[in-house]
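Trainee: need the 3D shape of this:
(2 chains)
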Amino acid sequence: NAGVMQNPRHLVRRRGQEARLRCSPMKGHSHVYWYRQLPEEGLKFMVYLQKENIIDESGMPKERFSAEFPKEGPSILRIQQVVRGDSAAYFCASSSNPGGDGETQYFGPGTRLLVL
Amino acid sequence: SQKIEQNSEALNIQEGKTATLTCNYTNYSPAYLQWYRQDPGRGPVFLLLIRENEKEKRKERLKVTFDTTLKQSLFHITASQPADSATYLCALLNQAGTALIFGKGTTLSVSS
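Mentor: Model prediction:
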């Protein structure tokens, strides 16, 4: 059973370009979470999605950032017109049974975005 | 707003000793608390989950306690080994039940 997969592992973009980060959840998981980890800071929640729905995007900047999790295919985190402050590690996690009696989130290896 | 703090950024101990990491939280009464391990350049890996009605949980050399009165969790690694060197994160589910709130982590270094 493959774990959470993210690609690319490393991404370099120039200011003003677009960054697309992909996440394939674990088999059987329909809940996906995106987190960002800045240097010397902890993991910060960005967005929580179920298939075709955004459940909670309270941690995602209102501008330039968007996320989707289509019926078919991976979840995508899209950053438009990147700025240097977007440089960070972006982690995706998935789960099968959030809330309720407790659940574990399984994390991918992350995508390290560097904006030049 | 919910806050979660891990008491120290770094902890250095000798091999064979017990490492104790602390996690404190405020403004919230979570149903459970989780501990993760993160190695450099990698994603967090789940270690243990402890519920509010559980005082203690063990897994091999790991032990977690949860004191809802003190709003604190302690994470212990007994008979520590250099391979235990990593950053350890505690996490709570937010009140909306939609995401984990992480502490900044404690980086443990075990020297031989």
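
Trainee: what ranges does the chain have for its strands?
Mentor: In the absence of a named chain, this looks at chain A. With DSSP state E applied, chain A shows strands at A:5-7, A:10-13, A:19-24, A:31-37, A:43-50, A:53-56, A:65-68, A:75-79, A:88-95, A:106-107, A:111-115, listed in chain order.

Trainee: think we crossed wires, I meant chain B
Mentor: With strands called from DSSP E, chain B shows them at B:3-6, B:10-14, B:19-26, B:32-38, B:45-51, B:56-59, B:62-67, B:72-77, B:86-93, B:100-102, B:106-111.

Trainee: against which helices or strands is the shortest one packed?
Mentor: Taking 3 or more CB pairs under 8 Å, 6 or more residues apart in numbering or on different chains; DSSP states H and E as contact, the helices and strands that strand B:100-102 lies on are strand A:43-50, strand B:86-93. Placement of C-beta: from N, CA and C, glycine included.

Trainee: chain center to that strand, what's the gap?
Mentor: Distance of strand B:100-102 from its chain centroid, counting by CA atoms, centre = their mean, to the nearest Å, is 12 Å.

Trainee: stretch A:107-116 too?
Mentor: Between the centre of stretch A:107-116 and the centre of its chain there are 10 Å (CA atoms, centre = their mean).

Trainee: show me what residue 24 is bridged to.
Mentor: No chain was given, so I picked chain A. Going by DSSP bridges, A:Ser24 is paired in beta bridges with A:Met5.

Trainee: wrong one, I was asking about chain B
Mentor: Counting by DSSP bridges, B:Asn24 forms beta bridges with B:Glu5, B:Gln72.

Trainee: what number of residues lie near A:Tyr90?
Mentor: Close neighbours of A:Tyr90, defined as other CB atoms under 10 Å in any protein chain shown, add up to 22.

Trainee: with the one 3 residues further on instead?
Mentor: Burial measure for A:Ala93: 27 neighbouring residues, criterion other CB under 10 Å.

Trainee: residue contacts, it?
Mentor: Counting by CB atoms under 8 Å, 6 or more residues apart in numbering or on different chains, A:Ala93 makes contact with A:Val4, A:Val32, A:Tyr33, A:Trp34, A:Tyr35, A:Gln105, A:Tyr106, A:Phe107, A:Gly108, B:Gly43, B:Leu100.

Trainee: do that again at 6 Å, thanks
Mentor: Neighbouring residues of A:Ala93 by CB atoms under 6 Å, 6 or more residues apart in numbering or on different chains: A:Tyr33, A:Gln105, A:Phe107.

Trainee: return only those of the residues you listed found close to chain B.
Mentor: Counting by CB under 6 Å from any CB of the partner chain, A:Phe107 from the contacts of A:Ala93 sit close to chain B.

Trainee: of the contacts of A:Ala93 - the most surrounded one?
Mentor: Among these, A:Tyr33 has the most neighbours (other CB under 10 Å), with 28 neighbours.

Trainee: dump the C-alpha coordinates for stretch A:106-116 into PDB.
Mentor: Output in PDB follows, covering the C-alpha atoms of stretch A:106-116 (Å, rounded to 0.1, in the frame of the first residue of the first chain):
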ATOM      1  CA  TYR A 106      -0.500  10.300   7.000                       C
ATOM      2  CA  PHE A 107       1.900  12.700   5.600                       C
ATOM      3  CA  GLY A 108       3.700  12.800   2.200                       C
ATOM      4  CA  PRO A 109       7.400  13.700   1.800                       C
ATOM      5  CA  GLY A 110       6.700  17.300   1.000                       C
ATOM      6  CA  THR A 111       7.400  19.600  -1.900                       C
ATOM      7  CA  ARG A 112      10.200  22.100  -1.300                       C
ATOM      8  CA  LEU A 113       9.400  25.300  -3.200                       C
ATOM      9  CA  LEU A 114      12.100  27.800  -3.800                       C
ATOM     10  CA  VAL A 115      11.200  31.200  -5.300                       C
ATOM     11  CA  LEU A 116      14.100  33.100  -6.800                       C
END
